[in-house]
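[1] I need the structure of the sequence given here:
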Amino acid sequence: MKTTHLLPGVPLVESPFFNDFAEEVWSGEELRIARDLNENGFAVFNFLDSKLIEAINQIPSDFKDKYDWDAWRAEKLESLRIQDAWQFDSRVNSIASNPQIISLLTSLYGKPAFPFQTLNFAVSSEQSGHSDHVHFSSLPERFMCGVWVAFEDIDENNGPLFYYPGSHKWPSYANEHIGVSGFDIGNAYGHYSKYVDLWEALANSHGVQKKYFYAKAGQGLIWASNLVHGGSKMLDRSRTRWSQVTHYFFKGCGFTTPVANDINQGQIYYRDIIDISNGSIVKNIISGCEVNESLVERLMPPCISGQNLPVDFVASKYLELNPDVLESNADPESHYLNFGKIEGRRYK
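    Numbers count the residues shown, from 1 in each chain. Got it, this is the predicted structure:
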């Protein structure tokens, strides 16, 4: 491990010195997962915890009435998902906070991992190819990953995940790279489509073919923050595609949302992040130094502040259009400003 100290701000699995130390750090199944993440940006694994399997089997039946199925079948909703169900369901929390997963991610990345967001899907997200990096990123970057768990068998007809192998090695592009700043950032993130076009063009330029993950119930997929991935169309809309996504950060980093940042104007959205496993707030720390709260407030982009809540925003309508927010008992205005706006959620 002679080279690991040279780049402490780079995840072990993405280090340029990976092949120099991999066999010293990991062995067996961990080494296989580490190699897959390093080479392809994703790795498949199986859940062996009996309690997790029990939760996976129970959640769909208990959650089925929490979704607006009629609106989805009428194509008035893009997907059926509940964000942050960990706040009211201990089983969702147990999957996100599984000690074996947290220990594995900590080993792979070289910093303590913790879960900060859950998404529970009843059907495919049908989301275009995207990189999580623009939605939530770390400083230094790439200390974030996703873990997706299938609650049922998935094939080509009920919306499998897709991904572009190796795309995690592409540069982490941000607003300044696509020529966006100022008003465009605050205008409900209307520039997001530019990222979608960019990712598609990069895949074509690199000649990378889209691949699909036909999962079995209980299988999981770890992906790197910059891996371009998405959800396929539900070809058979009479079926379901139950699954859970948990997003993880790593302690000893700053936490931000690049799609909201305008770094050339000194505007950085430092996020208040909660560790799902224990409910504590995780401080923004970069290179061992905590980011001062007054600096966080001073750098906050105007589009995130309460002054920029849309004039036609109606809290009750936002809750109606986003039942997962209602279910979580979150404040609709705060939720929209901190998450909904970035995610492109409807409020009217």
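[2] Report how many residues lie close to the nearest residue to residue 178 once chain neighbours are set aside.
    In space, and not counting its chain neighbours, residue 178 is closest to residue 194: 4.9 Å by Cβ to Cβ, 6 or more residues apart in numbering. Backbone N, C-alpha and C define where each C-beta goes, glycine included. When neighbours are defined as other Cβ atoms under 10 Å, residue 194 has 16 of them.
[3] is it fair to say residue 194 lies in a strand?
    No. Read with DSSP: H, G, I helix; E, B strand; the rest coil, residue 194 is helix and lies in no strand.
[4] How confident was the prediction at it?
    On pLDDT, residue 194 comes in at 91.
[5] mind checking how far it is from residue 175?
    9 Å (Cβ to Cβ, to the nearest Å).
[6] How is this protein partitioned into domains?
    4-304, 309-348 (automatic domain parsing).
[7] ranking those domains by mean pLDDT, which is last?
    Among the domains of the chain, domain 309-348 scores lowest, with a mean of 73.
[8] Next, the buried residues of stretch 241-256.
    For stretch 241-256, burial by neighbour count (16 or more other Cβ atoms under 10 Å) applies to 241-250, 252-256.
[9] any idea which of these is closest to residue 180?
    residue 256 (16.0 Å; Cβ to Cβ).
[10] how about that closest one, what does it touch?
    136, 137, 138, 139, 268, 269, 270, 271 (Cβ atoms under 8 Å, 6 or more residues apart in numbering).
[11] among those, who's most crowded?
    Highest count within the contacts of residue 256 by other Cβ under 10 Å belongs to residue 137, 27 neighbours.
[12] close enough to count as contact, that residue and residue 225?
    Yes. Assessed by Cβ atoms under 8 Å, residue 137 is found in contact with residue 225 at 6.7 Å.
[13] which neighbours do the two share?
    144, 172.
[14] now the helices: where do they sit in the stretch 51-200 of the chain?
    Assigned helices in the stretch 51-200 of the chain, in chain order: 69-73, 90-96, 99-109, 183-186, 192-206 (criterion: DSSP state H, counting those that start in this stretch).
[15] Deepest-packed of the ones you listed, please.
    Ranked by mean neighbour count, those are led by helix 90-96 with a mean of 20 (mean count of other Cβ atoms under 10 Å).
[16] where does that helix sit relative to the chain's centre, distance-wise?
    In terms of Cα atoms, centre = their mean, to the nearest Å, the gap separating the centre of helix 90-96 from the centre of its chain is 16 Å.
[17] got the contact list for it?
    Under Cβ under 8 Å, 6+ apart, the answer for helix 90-96 is 51-52, 55-56, 58-59, 85-86, 115, 118, 120, 149, 244, 246, 276-277.
[18] Now do the strands in the stretch 151-300 of the chain.
    161-163, 211-213, 219-224, 228-231, 243-250, 254-256, 273-275, 280-282, 285-286, 289-290 (DSSP state E, counting those that start in this stretch).
[19] what would the ones you listed look like in JSON lines with distance to residue 203?
    Formatted as JSON lines, the entries for the strands of the stretch 151-300 of the chain read as follows, by distance: least, Cβ to Cβ, whole Å:
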{"stretch": "strand 161-163", "distance to residue 203": "10"}
{"stretch": "strand 211-213", "distance to residue 203": "11"}
{"stretch": "strand 219-224", "distance to residue 203": "15"}
{"stretch": "strand 228-231", "distance to residue 203": "7"}
{"stretch": "strand 243-250", "distance to residue 203": "22"}
{"stretch": "strand 254-256", "distance to residue 203": "25"}
{"stretch": "strand 273-275", "distance to residue 203": "30"}
{"stretch": "strand 280-282", "distance to residue 203": "33"}
{"stretch": "strand 285-286", "distance to residue 203": "32"}
{"stretch": "strand 289-290", "distance to residue 203": "38"}
